[in-house]
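1. please find the sequence and the predicted model below.
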Amino acid sequence: MNDNLELVHLLRAVTVEFGLRQAEFAARNSMHSTDVRALICLLDAARAEEAATAGLLGTRLGLNSAGTTAVIDRLERLGHVKRIRDEYDRRRVLLRVEPEAVRLGWEFFGPLIERVVGVLDGFDVDERDTIRRFLTGVLAATDTTTP
């Protein structure tokens, strides 16, 4: 098999495994898999210091406004997300992941994250830069909004 295709197949296997873990987390916590992806998007936005709005979430998940509202409503009912008014623009509603949802996520995904970090610890700085460049390129290649 072509060396490049072998890497593509390994990457696919990793994404399948991550998807299975997300589905298991969703099932254990009475959530839909889209709810888990929504929480990930909101946590990523918080890490990037982006305003987490329904519009941002809908765009990232590829949902229309009704679908986005349904996801937010489910997450709010479960106590995982809270709607809060933007302190700078009171007309805008922001979404915040609640601490209990973060705790549940770390409880479930923490050991996996620690194992992955352990694998990365086996690579030197230049190798991690190469991995980062590869994953960034793959992420860009999956972007269907650009030709």
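-> Arrived safely. Residues are numbered from 1 along each chain as shown.

2. from here on, just use CA atoms for contacts and neighbour counts.
-> OK.

3. can you tell me which helices and strands the host helix or strand of residue 56 packs against?
-> Secondary structure from DSSP states H and E places residue 56 in helix 54-61. Secondary-structure packing of helix 54-61 (3 or more Cα pairs under 8 Å, 6 or more residues apart in numbering; DSSP states H and E): helix 33-47, helix 65-77, strand 93-97.

4. show me the contacts for the residue most central in space within the chain.
-> Centrality entry for the chain: nearest residue to the mean C-alpha point is residue 40, 2.9 Å, by Cα atoms, centre = their mean. For residue 40, no contacting residues are found, by Cα atoms under 8 Å, 6 or more residues apart in numbering.

5. re the thing from before, deepest-packed of the helices and strands packed on helix 54-61, please.
-> Burial of those is given as mean neighbour count (mean count of other Cα atoms under 10 Å); strand 93-97 ranks first at a mean of 20.

6. contacts for the helix holding residue 56, please.
-> Helix 54-61 is contacted from outside by 34, 37-38, 41-42, 64-65, 67-69, 72, 93-95, using Cα under 8 Å, 6+ apart.
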